[in-house]
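Chemist: Here's my sequence, what's the structure:
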Amino acid sequence: MRVGVTGASGFVGRAVCLAAAARGWQVHGFGRRASIPAMPGVPYTSWDLTRDRPPALELDAVIHCAGSVTDWGPPREIWQANLAGTRAALAAFPGARFVHVSTASVYDPRRPTVMAREDEAPVSRYVNAYGASKAAAELAVMGKAVILRPHAVYGPGDTTLLPRVLESVRGSRLVAVGDGRQRVSLTSIGNLVQACLLAVEAPIGVYNVTDAEPVVLDDALRQILRERGIDATPLYLPARLAHAVAALSETFSRTPRLTRYAVGHLAVERTLDITAATQRLGYSPAATSFSGASAW
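Modeler: Here you go, the predicted structure:
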């Protein structure tokens, strides 16, 4: 099996490369960075999807992990990375099976996501360029690719979820939003990698990809704090207050620490139904666990 992985210089792409190589596949990693730490058995090629010609390779499958994951930044750059980059990756290897790693942010950001099924997205309106561009990227490959929708990916090498949690610690408090009782679906990097490899030979379609069961936000935050050895407890801000703080932060900071998108995403339930993945991909996810997070 000859497999190309875009975004190989990032958290998800690197993990996918290493797992695919361990399976004995012939893996090629692609990313925008000029060089990355070596991956045993995985050659790496610097390739800017939006500017460079594609590498002259024949591949059986492409797992597209590249893209912008920020909820705040220049909209044009986010659209370029997520929509133009996806189109370029799909066009580069027209005969290959295409696996597109999307996001649960394509679900309606204006209401809770309650055990959402795949046909509930994309929707007509989004609150930022990230959600809108990822939804547009899905539409660009719909019917031509296997689309995976993880939510809040975490694990060794995590560059988003765990750092945000740690940045929210203020002395003996971890500042969060809502009441802590909201349920959330999380996705470990191990579970997402499993789904990516299964998708290479799976029926074309859209699949939610999460851990085995949703968790209660307060339980998850307290487990992270324990694993990291941090003597702090969660302090929950009412959503309306947090929304006002986020609006001020967006107004007066070029790099706000809290955004209205984040508040809307965290303050209510965000859970996904994974029946399609378990039945059609053969996906068998592990439960949410932050064991070993002290080393991440």
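
Chemist: Ala212: neighbouring residues, count only.
Modeler: Counted by other CB atoms under 10 Å, the residues lying close to Ala212 total 15. For glycine as for every other residue, the C-beta is placed from the backbone atoms N, C-alpha and C.

Chemist: hang on, it is in a strand, isn't it?
Modeler: No: secondary structure assignment (DSSP: H, G, I helix; E, B strand; the rest coil) places Ala212 in coil, not in a strand.

Chemist: That one reaches Thr278, doesn't it?
Modeler: No: if you go by CB atoms under 8 Å, Ala212 and Thr278 don't touch, sitting 9.4 Å apart.

Chemist: Please enumerate the shared neighbours of those two.
Modeler: Listed contacts common to Ala212 and Thr278 are Pro285; contacts here mean CB atoms under 8 Å, 6 or more residues apart in numbering.

Chemist: Any regions of the stretch 151-296 of the chain where pLDDT drops low?
Modeler: Nowhere does the stretch 151-296 of the chain drop to pLDDT under 70.

Chemist: Where do the strands of it begin and end?
Modeler: 153-154, 169-170, 173-177, 183-184, 187-188, 205-209, 215-216, 233-237, 270-272 (DSSP state E, counting those that start in this stretch).

Chemist: Number of residues surrounding the residue nearest to Leu221 when sequence neighbours are not counted?
Modeler: Spatial nearest neighbour of Leu221, chain neighbours left out: Pro234 (5.0 Å); criterion: CB to CB, 6 or more residues apart in numbering. By the other CB under 10 Å criterion, the neighbourhood of Pro234 contains 19 residues.

Chemist: just Pro203 next, same as before
Modeler: Residues lying near Pro203 (other CB under 10 Å) number 10.

Chemist: Any idea how many residues pack against Val69?
Modeler: Neighbours of Val69 (other CB under 10 Å): 18.

Chemist: Settle this for me: it is touching Tyr130, isn't it.
Modeler: Yes: contact criterion CB under 8 Å: Val69 and Tyr130 qualify, at 7.4 Å.

Chemist: Confirm Ala21 sits in a helix?
Modeler: Yes: counting by three-state DSSP, Ala21 is located in a helix.

Chemist: In contact with Ala152: list those residues for me.
Modeler: Counting by CB under 8 Å, 6+ apart, Ala152 has contacts 104, 161, 184-187, 270.
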